[in-house]
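Peer 1: here are the coordinates; sequence isn't available:
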């Protein structure tokens, strides 16, 4: 592949082009290595699209590799969901598992012991932390650090055979307890853990630590550029140590980029799991969750997420992105793809007193004004309608252009009406409005000569479809001006449910089909409900983000 004409878009692409031109690598190979202990979120999407995009751009390969080295937290459900999410984003690659390399990892550990580079330690986890030292003080060596090679091999094989209880022994790399990098102070690389593995079953009684397993996996798969987020920068010396001491050639290299942070968005899998476990949400795919499964159920188009990640770009320093930027990308897609429909979310009754009783007629409405070739649908109009509660006010504020007592408004696609009177319910709220219509004011053939500023949507009562509408907001309240932690910032109004009325076309809405509810927001039919018509808000109509 000719790389001379490729223009780098970020510092990682600059590195790759330099490596190819200098002959340091022959073929680009990238991977995305998720832990199957939860669902992927929007931050993972950036890493997936970056790694997949690099492989595509430079004619290389892309692996989906599950880091299944901790059987206590892993589940096949998460594996299936992760693959589905990655495919939904439009990415493809070989599906591999860290557990496929357990034999190689064990052999590498064996080699390290025989080189005098690893030892079996009987310190407890608390003692290991105590011996490790601090950022300003060096650690002290384990009393087991100078065991003989034969004794270490004997104990390590006994660990593998399940002859020592969980947590009683670890295998540690022998590096430098005075290193300024705490990760290099004789890190644990294996622990005793007699746990059932989702793929290896009960074969293994010991499991490798991530920092030991990850570089070996990259080396076995011949990954050329191991790309991760900045929190792994301090782990890179250990990554390189394992590759070097393990004797792996060619050696993969690790590069770090800034992780994605979005305002009012939870980007921690641990916190997302807490929301699920505490029943604050109804699962990992709750449409309020920033998981890819949640976004999919909510109705986000995958191309909008790809566009968002492209706009955010790849940087070397962490920063926070305005959540409105993601909403902008979603809205940008839906504006051209979502058909328009009328739905009244908080309905009150409108009676048109001079319209023939029991009669109805059809009016024509455009499906999407952005279509190159306009299409239309017919909607029933009658003498009894539903309108939005907020579209009628007894004492309106200035510049209110909707319906008021004695005022005029146009019903979208239909007639101009005048409010003659209104009716209050027992709670003092408006229960119904009574209007007269202007027969000569029908849209498309208006000869009334009346000029009105307000246009409102409506639904015929006799032809209305009952739907449930979920208005959705961020899970977190704003952190501005507060020191509130995660739980204190939870937005208890992140989901508000309405019993709404909609035009008949929504009775045939397919699961995950997307619509613009005129003058409201974009909505998608929830696929979790097979019979009931439940619609989740995707994103509002109003643009809050400035590019």
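Peer 2: Nice, I can see it. Note that the structure is a prediction, hence the values are computed from the model and not measured.
Peer 1: C-alpha from now on. contacts and neighbour counts both.
Peer 2: OK.
Peer 1: Please confirm that residue 447 is located within a helix.
Peer 2: No: with DSSP: H, G, I helix; E, B strand; the rest coil as the criterion, residue 447 is coil rather than part of a helix.
Peer 1: for the stretch 351-500 of the chain, which spans come out with low pLDDT?
Peer 2: Across the stretch 351-500 of the chain, the ranges flagged by pLDDT under 70 are 480-484.
Peer 1: May I have the residues that are in contact with the nearest residue to residue 521 once chain neighbours are set aside?
Peer 2: Take residue 521 and drop its neighbours on the chain: the residue closest to it by Cα to Cα, 6 or more residues apart in numbering is residue 540, 4.3 Å away. Contacts for residue 540 (Cα atoms under 8 Å, 6 or more residues apart in numbering) come out as 331, 520-522.
Peer 1: Which one (most neighbours) among those residues?
Peer 2: When neighbours are counted by other Cα atoms under 10 Å, residue 522 leads those with 26 neighbours.
Peer 1: looking at it, that residue is touching residue 535, isn't it?
Peer 2: No: using Cα atoms under 8 Å as the test, residue 522 is too far from residue 535 to be in contact (9.6 Å).
Peer 1: same question for the helix or strand harbouring residue 87, mean pLDDT?
Peer 2: Assessed by DSSP states H and E, residue 87 sits inside helix 76-88. Model confidence over helix 76-88 averages 97 on the pLDDT scale.
Peer 1: Quick one: distance of that helix to the chain centre.
Peer 2: Computed by Cα atoms, centre = their mean, to the nearest Å, the chain-centroid distance of helix 76-88 equals 13 Å.
Peer 1: Next: stretch 230-244.
Peer 2: 28 Å.
Peer 1: Figure out the length between the terminal residues of it.
Peer 2: This stretch, stretch 230-244, spans 22 Å end to end (Cα to Cα, to the nearest Å).
Peer 1: Repeat that for stretch 495-513.
Peer 2: End-to-end distance for stretch 495-513, by Cα to Cα: 20 Å.
Peer 1: buried set for it?
Peer 2: In terms of neighbour count (16 or more other Cα atoms under 10 Å), stretch 495-513 has its buried residues at 495, 498, 500-504, 506, 511-513.
Peer 1: domains of the protein?
Peer 2: The chain breaks down by automatic domain parsing into domains covering 11-257, 269-339+468-540, 344-457.
Peer 1: Tell me which of the ones you listed lies nearest to residue 263.
Peer 2: Closest of these to residue 263 is domain 269-339+468-540, at 5.3 Å (criterion: Cα to Cα).
Peer 1: Let's have the contacts of residue 540 in a markdown table, adding pLDDT.
Peer 2: As requested, the contacts of residue 540 are exported to a markdown table (pLDDT from 0 to 100):
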| residue | pLDDT |
| --- | --- |
| 331 | 97 |
| 520 | 97 |
| 521 | 98 |
| 522 | 98 |
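Peer 1: What is the most widely separated pair among those residues?
Peer 2: 331 and 520 (12.9 Å).
Peer 1: is it possible to export the domains of the chain to a markdown table including distance to residue 263?
Peer 2: Conversion of the domains of the chain to a markdown table gives the following (distance: least, Cα to Cα, whole Å):
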| stretch | distance to residue 263 |
| --- | --- |
| domain 11-257 | 12 |
| domain 269-339+468-540 | 5 |
| domain 344-457 | 28 |
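Peer 1: Okay, the residue nearest to residue 521 and residue 171: tell me how far apart.
Peer 2: With distances defined as Cα to Cα, the gap from residue 540 to residue 171 amounts to 54 Å.
Peer 1: As a check, name the ranges of all helices in the stretch 201-350 of the chain.
Peer 2: Applying DSSP state H, counting those that start in this stretch to the stretch 201-350 of the chain gives helices spanning 210-220, 236-246, 269-277, 292-298, 302-312, 323-337.
Peer 1: So which of those is nearest residue 403?
Peer 2: So among the helices of the stretch 201-350 of the chain, helix 323-337 is nearest, using Cα to Cα, at 27.4 Å.
Peer 1: coming back round to it: which one of the helices of the stretch 201-350 of the chain lies nearest to residue 16?
Peer 2: Counting by Cα to Cα, residue 16 lies closest to helix 210-220 out of the helices of the stretch 201-350 of the chain; the figure is 16.5 Å.
Peer 1: What is that closest one packed up against?
Peer 2: strand 188-192, helix 236-246 (3 or more Cα pairs under 8 Å, 6 or more residues apart in numbering; DSSP states H and E).
Peer 1: right, so the ones you listed: which one is the most enclosed?
Peer 2: strand 188-192 (a mean of 23; mean count of other Cα atoms under 10 Å).
Peer 1: Would you mind checking the average pLDDT for that strand?
Peer 2: On average, strand 188-192 scores 98.
Peer 1: ditto for stretch 25-36
Peer 2: For stretch 25-36, mean pLDDT is 96.
Peer 1: what does stretch 148-165 give?
Peer 2: Per-residue pLDDT over stretch 148-165 has a mean of 98.
Peer 1: and it, which residues are buried?
Peer 2: Here stretch 148-165 shows 149, 152-153, 155-156, 159-160, 162, 164 as buried, counting by 16+ other Cα under 10 Å.
Peer 1: re the thing from before, please identify the deepest-packed of the helices of the stretch 201-350 of the chain.
Peer 2: helix 292-298 comes out most buried of these by mean count of other Cα under 10 Å, with a mean of 24.
Peer 1: Quick check: strands, which of the contacts of residue 540 are part of them?
Peer 2: Judged by DSSP state E, these include 521-522 as members of strands.
Peer 1: If we only consider the contacts of residue 540, which is nearest to residue 66?
Peer 2: residue 331 (33.0 Å).
Peer 1: how about the strands in the stretch 51-200 of the chain?
Peer 2: For the stretch 51-200 of the chain, applying DSSP state E, counting those that start in this stretch gives strands covering 61-66, 94-97, 118-121, 170-173, 188-192.
Peer 1: hmm, back to that, compare the helices and strands packed on helix 210-220 and give me the one nearest residue 261.
Peer 2: Closest approach to residue 261 among these (Cα to Cα): helix 236-246, 22.2 Å.
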